[in-house]
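Visitor: Curious how this folds, go ahead:
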Amino acid sequence: MTFYRQAAAVALQGMLGLLVWAGSGVALAWGPQGHRVIASLAEQQLTPAARKEVARLLAAEPGATLVSVANWADEYRSAETAAWHYVNFPRHVCVYSAHRDCPDGACVVEAIAQQTAVLQADTSDASRLAALKYLVHLVGDVHQPLHAGYRDDRGANTYQLQVFMRGSNLHAFWDSGLLYALNEDAAAVTARLSSQLPPVADSLWTAAEAAQESCRIVGMSGFYPPRRVEIAYIRRFTPVMEQRLVRAGSRLAGLLNRIWK
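Guide: Have a look, this model is predicted:
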């Protein structure tokens, strides 16, 4: 009976966490905790050359790490950069078209390409540091399924639902609610997911491919719950959410490793 009492206590703690989250108004990709997990997973996979250059750029801000700057792009989001955090597809059309889906280059796919180019350019360290901060964050964003969701509901921002008797929307729930349900801090999540890191080959990727993957997840049967999130939904999609965190961390490391071979 002790095991079942402990399991029930953990489930209750997760539900209480979700109640707190549902009233918090959080609506940032993965939330601060998710971006810290991604950055921490990426740090573990950097090559010595990439680790050295990352440390050199971050030295301009004493004490800074990839983890500490992972949410900078949200904290300093402006009208100009707001659209860099997502891309919207026509419903059930998960094939990226720059002309259709990213007018004027203002979407997460093109922003990743632009900031990668800045990081590779012979320009000031200040510009390259800003590009690094953007990449740490935007690579995480493109792996959040609803940051590559459908245009007609603004990535499910307008899809209203209830989470344990509190009003929210599906986009916000995927940003932070699923992580809150784990009832673990960023360090604990990172430690557990570290054993799931994919092989080096997975570092070969493009932002368009990552966005299309996210869009296909949104198109999965049952992804849109019937206006109320139940425990069964959390159990089904938590492994999907964790896989996206792991893949984002590995791919971020792969991108930085390629930049600084």
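
Visitor: Give me the residue ranges of the stretch 101-250 of the chain where confidence is low.
Guide: Residues of the stretch 101-250 of the chain meeting the criterion pLDDT under 70: 199-203.

Visitor: Which helix or strand contains residue 167?
Guide: If you go by DSSP states H and E, residue 167 is part of strand 166-169.

Visitor: now do residue 112
Guide: Residue 112 is part of helix 108-120 when elements are defined by DSSP H and E.

Visitor: same question, residue 180
Guide: Using DSSP H and E, residue 180 falls in helix 178-182.

Visitor: Strands along the stretch 51-200 of the chain, start to end?
Guide: Taking DSSP state E, counting those that start in this stretch as the test, the strands found in the stretch 51-200 of the chain are 160-163, 166-169.

Visitor: Relative to the last one, what are the paired strands and their orientations?
Guide: With DSSP bridges as the criterion, the sheet partners recorded for strand 166-169 are strand 160-163 (antiparallel).

Visitor: Okay, angle between the lengthiest helix in the chain and helix 108-120 too, please.
Guide: Secondary structure of the chain per DSSP state H: the longest helix is helix 231-259. Counting by axes from the mean of the first three to the mean of the last three C-alpha atoms, to 10 degrees, helix 231-259 lies at 30 degrees to helix 108-120.

Visitor: Who are the packing partners of helix 231-259?
Guide: Judged by 3 or more C-beta pairs under 8 Å, 6 or more residues apart in numbering; DSSP states H and E, helix 231-259 is in contact with helix 31-43, helix 48-58, helix 108-120, helix 125-143, helix 178-182, helix 186-193, helix 207-218. From N, CA and C alone the C-beta is placed, and that goes for glycine too.

Visitor: and the third one, how far out from the chain's middle?
Guide: In this case it means helix 108-120. In terms of C-alpha atoms, centre = their mean, to the nearest Å, the centre of helix 108-120 is found 17 Å from the chain centre.
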